[in-house]
Each structure stands twice: as C-alpha cells, then as structure tokens.
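Colleague: Would you be able to build a 3D model of this:
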Amino acid sequence: MTKELDFPFWAMYRETVLYLASTFFFVFLLYTKFVTLKKRWHRNLPPRPPSLPILGHLHLMKEPLHRTLQNLSIQYGPILSLSFGSRNVLLISSPSLLEECFKKNDIVFANRPRLLVGKLLNYNYTTIGAAPYGPHWRNLRRVASLEILSTNRLSMFLNIRQEEVKFLVRNLFEASSSGRFSSEVEMRSRLSELSFNVIIRMIAGKRYFGEEVEDLEEAKRFHDVIREISEVHGASYPGDFLPILQWFDFLGLKKKMLKLQETSDAFMQGLIEEHRKRKEEGRTKTMIDTMLSLQESEPGSYSDEIIKGLILTMLLAGTDTAAVTIEWAMSLLLNHPKVLEKAKAEIENCIGPYQLVDESDLHKLPYLQNITDETLRLYPPAPLLVPYESSDNCVIGPYCVPRGTMLLVNAWAIHRDPKLWEDPTSFRPERFEGSDVGGAYKLMPFGLGRRACPGSGLASRVVGLTLASLIQCFEWERTGKEEVDMNEGVGITMPKAIPLKAIAASPKSFNKNDILFANRPQILVSKHQNYNSTTIGASNYGHHWRNLRRLAALEIFSTNRLNMFLSIRQEKVRHLLKNLFGISHNNFPKVEMKSRISELFFNIIMRMKRYIRPGSISYQKLTSYHISQYRYISSNKARRFRDTVKEVFEASGALEPSDFLPFLRWIDFQGWEKRLIALYIKGGMNCCRV
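Modeller: This is a model prediction of the structure:
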C-alpha cells in the first residue's frame, strides 16, 4: 500500500527534486571555489609585520609618521601590507614598484579613500582632491588644467606673483633697516602671507595681508579658518579606521569639521556673490569669474558647491606648499653658506647687479633650480603622498592587492634611499647637474599618476622667483653660531618644527631712505646740457629713469657687452704702452700722462658706440686718416668734438648763481645761460653726426 502511494509522488516530483539538488550542489561548488581562491589570494599578500586584533598596526604609528613607516620598510622590505583597524593598507617605498602602480595599474589607483574629512570638508567627495575617478573628476581636472593653471593663465597672473614678491622684499627691507645695519626677521609668517596672497588674488582678485587690504578682520578670520582646515586634513579621525567609533566622536573632531565647514562655506559663498555683483566691471578675470562663466553655460556641472570646492582645494594645496618649501630652502642655505654664495654669484652674473630678478630669468639660473630640487628631495611638502585607493584587485610585483586597499607612498623614504642617491642625507644641489637625475619615480614632490598635483607649475614659479629675490636682495646670516634647527614639525606639509629666524642685512648700496634721495636737483645746466633733464644723469627717479637705467645696464654695460668690447680695451691699452715705450726709448724723458690717459678713455668710449648702434656712422668716418694709430685724435673733427665734450664737462661742474638766487636768471650778467645754449647746439650737432 505504501509503495503504491509513494510511487506516484516520486514520479511526479522526481525531476524537480533532482533539479534543486543539482542546483544546490553547483552553488556549493562555486562557493567552495570562491572561498578557496579568496584564501589563496589573501595568502599572497605582501609581507606583514605582527599586528594586534582589531587595531591591526595602529599601535605602531607614531609621529613623524613618514619616519615610522621608513623604519618599517627598512625592517620588512619596500612593499608592506598593513592594517589600520578595519582598513587594508599597502605601503610602498620602491621606485620600481611605484612604476607598476602608476603605469600598469594607473586607473586602479586613481581613486582616493573615502574618509570623513572628504565628506564634511570636501562637499561630499565632490572636490578635485576627494572625488572618485570618473567623469566628474576628469571634468574638474580638465577645468583646473586648462582654465586655472594652464601656462597662459599663469602668464596672465604674472604681475600678481611679481607684486607679492616685491611686497615681501620691501617688508624685509623695512624690517632689516629698523636697526643700524641689519635685523633679525621671522620668515614663516611672511612666506605664508606671500603664498596666501598669490592664491587668493588669483581666485578673488584681492589681498588679505599687507597693503591694500579691504577688511583686516575678515582677512584674519578667513586665513585662520583655512589654517584650521589644513590642520584637520592632516589629522587622523579614528572612525575612519574603527567604524564603531563614528558613533562617539570622543575627540570632538567631527564636531570641529562641521563647524569649519559651515564657516568656510559662508566665506566662499560671499566671495562668489561679490563677483556676481561686480561681474560687469572691467577687472582682471579671476578664477571665480572663469567658473561663473562656465556656470552660465553648464549650470548642472558647475554649481556653487563645485566652485567652492575648487576655491578650497586651491587654498589648501597652494598656500602651505610654496611657503614651507621656501622656508626649508632658506634654512638649508643658511647652514651651507658656500652654496648660498654660489647661488648669489649665479644671479649676479646672469642678471646683473642693477636689475631685480624676474620670472623670465629663472631658466637662466640652473643652480637655483638645483637648490629647489634638492630642497624638495630632502624636505618634500608631502612626505607621504596623499593616499590612493585601489578600485579593483591587482598584482604589484609578485603580490596580490585586494580591492579597496589604501596605498601609501613614502616619498620621504624614496628621496633618502641610499640605493638611489649617493650620500642621501647631505644637501648637495650639484647632484642635479646631470640630465634626468631625479627620474619620475625617484623624485615625486608633487605626487604621481593621474592624481599628480596640477598646480606644480604655479608652485615652481612662486618658489623660484621668491627664493631668487631673497638671495639677490639681501645678505643672509644665521642669528647665532649654531646651525639652523632642521627638525620636522607635525602637519600634512611637514613644516619646520621651529620657525626660521635669520638676519637679513641690506646690501651696502641700500639705505633707509634710498628712494627718497634717488632724485637730482633741477638746475640750469640740467635743462640746457641734459636735454631738459631727461638724461640718465639728470632725470628724476621714475619710470623714465628706470628705463634708461635698464638700457644702460643691459645693452651697454652688461657683462656680455663688456666682454664684446674686450678687444677694444686691450688694443687701446697696447697703443698707449707702445706710444710711451717709443717716447721713453730716448734718455728717459719726462712724459705728460693726463692727456694720454684722457685720450685712451675717450677712444675706448667712441670705439664702443659703433657696436652699440651698428647703423650709425663709423668711427673711421668721424676721423680723417686710416694709417696712424692715433688718427682719431689727430683728426680736426675729432679735436672739435673732444673740445666740445670738455667744455660741456667744465660747464657741468661750474656754479650758476641763478640756481640759488632765482631772480638772477632774468638778468644773466655773466652770459652763462647764453653759453650753455650755444654749447647745447654745438654738442647736439656733433652727437647727431655721430
């Protein structure tokens, strides 16, 4: 009976049962295979130091973090697998392994880890520094590279950088002139203000420090907010690594981030609204103006939050990087005075002693660039590059890297690796004199891969111009016999532990009232003999005089020009010696020297003019013979010209009573003014012929 009842049931559901059983078995096999592969994958992770449950390796992390991680790499190898709580971390300090990360797996490592600071202070991961790799990030990168930090844009803002460097030099000059000869100056605040002003003027077109500040209180509050945000970016939030702690906020860091976000957002929204109202004014186009123009055409892609995110990123990335690098460079130069002397000599030889260095001159100063590169090697502004995160499983070297792993690149360790650099801890700018000494994966102060800093060009310009100007304009000394302290402080950009103080001595050619006494008195001889006081010797200090001075320094008396005229000086000195030898050959007679030396200098100057103005009349045409070595002097034209120059010179040294008693000018008892006018006509005619 039972068999008869069971048989129809089995016949009816047999296929269904077999199907379910086979499906279950197949799923079980897949699951087993997946678990096995996962175990094998994780068994092939990079070397891993001993860790603690839950904490992982967090207990090993001590400040400064780059030194702690360097010690771990020395002990366990150039690639390490770490656990920061629940987060997997890959630590790399090898150029060859980095090349695999950012060439073979560049898209995999083109993301940033999702940390709380990215959510609260980076507009929910929408800024260029925190956004995940994708269309939105690529668009932000394109805007930053083409519309804000392109070569053309940086050239547009050249005057901003030049003005801010001049403000710094003037400030230091005033500080150094407060004492009798020199004064101790604190550099960190001045360099920070310089960098902040350069960036904020590019962004919003106004200064927040020094002269021409519209609202000092607002400027101070805004700068303090940006400084606090920078400090928060460098801090570690425990909840990022131990998610359970996100519910407690023991340290109050989350609360602080929310408050900073509210304050900074209000400031930046105010800047945007200010530019909206002043849109029609004919001002230099700032970054905000550019972004508002893009917003009109594509409002969805360029919301106010996106614009504020770009402003914040520019301020955070641009302010500290340049200031910290310059401070480290000056500290190194003060500890290595021979390098400082060599850099100063290079600037004087290439630029000259009477012209301030300009940004366009930087390519002529290779040793200065070597100093910058060596500073960035020893003290990179980001000793640990901003973290990356893998978006997929990948293989680096022989090891497997799971998806979602945070990548830390220890630039500090690579920059000081004795396998890559000879004598790595020494300051030797000469090491960069070869071509491509650094290499892409040996020197990485501005990051690597698709996430490399797009503002490296701006930073290089600011650092180069500022450093060159400081070296050129002042004599620098340490405040005491001890070397400048070179310990690193705490912060994402690795500032100095002790702010730099140094003695900035003004060169002897400067004094406290240099510009006040840069004019000439307006006297009668200046009017008639100096073309109405327009010559370089008689004109007042101003744009015209500076232009004449520049022409004289660059086109006539520069090192290159003087080298061009070397043969003239040698030839004329030989002529003088030959003449004296011919005269003294006979019984040692007395020789009158004044006229001969005068003729020597006059001939040198007149020979030089044919090279300065190639199209003018040659000196052979001015003289009358071509055989005698003294044909110029024996020429009647030459004598008349020399006599005229002599008279003008004598007139310039004479006193005219009417210069001190103006009413005598109406009388002209001695006919002095009449004589000056006649000399002016005669001298002018001779100059026209020449």
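
Colleague: List the contacts of the nearest residue to Val198 once chain neighbours are set aside.
Modeller: Among residues not flanking Val198 along the chain, Glu164 sits closest, at 5.2 Å (C-beta to C-beta, 6 or more residues apart in numbering). To be clear about C-beta, it is placed using only N, CA and C from the backbone, and glycine gets the same treatment. Counting by C-beta atoms under 8 Å, 6 or more residues apart in numbering, Glu164 touches Leu194, Asn197, Val198, Arg201.

Colleague: cool, Asn88 as well?
Modeller: Asn88 neighbours (C-beta under 8 Å, 6+ apart): Ser81, Leu82, Pro402, Gly404, Thr405, Met406.

Colleague: returning to what we had before: tabulate the contacts of Glu164 (CSV), appending neighbour count and pLDDT.
Modeller: Formatted as CSV, the contacts of Glu164 follow (neighbours: other C-beta atoms under 10 Å; pLDDT from 0 to 100):
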residue, neighbour count, pLDDT
Leu194, 24, 94
Asn197, 25, 93
Val198, 25, 95
Arg201, 21, 92
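
Colleague: Number of residues surrounding Ala343?
Modeller: Ala343 has 23 neighbouring residues, counting by other C-beta atoms under 10 Å.

Colleague: Show me the protein divided up by domain.
Modeller: According to automatic domain parsing, the chain is divided into the following domains: 116-505, 524-689.

Colleague: right, and these - which one's nearest Gly56?
Modeller: When the domains of the chain are compared by C-beta to C-beta, domain 116-505 sits nearest Gly56, at 8.0 Å.

Colleague: mind checking pLDDT for the residue nearest to Val198?
Modeller: You'll see Glu164 listed with a pLDDT of 93.

Colleague: ditto for Arg640
Modeller: At Arg640, the pLDDT recorded in the model is 68.

Colleague: now do the one 3 residues further on
Modeller: Asp643 carries a pLDDT score of 71 in this model.

Colleague: that older thread, show the subsequent helix or strand relative to the helix or strand hosting the residue nearest to Val198.
Modeller: For Glu164, the host element (DSSP states H and E) is helix 158-176. The helix or strand immediately downstream of helix 158-176 is strand 182-186, counting by DSSP H and E.

Colleague: partner strands of that following strand, parallel or antiparallel?
Modeller: Here strand 182-186 is paired, per DSSP bridges, with strand 501-505 (antiparallel).

Colleague: which residues touch the strand it pairs with?
Modeller: So strand 501-505 is contacted by 172, 175-176, 181-187, 330, 334, 474-479, 484 (C-beta under 8 Å, 6+ apart).

Colleague: how many other residues sit next to the residue lying closest to Ile107 once chain neighbours are set aside?
Modeller: Once flanking residues are discounted, Ile107 sits nearest to Tyr133: 6.9 Å by C-beta to C-beta, 6+ apart. By other C-beta under 10 Å, the residues close to Tyr133 number 20.

Colleague: what's the helix or strand for Tyr133?
Modeller: Judged by DSSP H and E, Tyr133 forms part of no helix or strand.

Colleague: Could you pull up the contacting residues of it?
Modeller: Counted by C-beta under 8 Å, 6+ apart, Tyr133 has contacts Ile107, Ala110, Asn111, Ser391, Arg450.

Colleague: Which members of those residues come out as buried by neighbour count?
Modeller: Ala110, Asn111, Ser391, Arg450 (16 or more other C-beta atoms under 10 Å).
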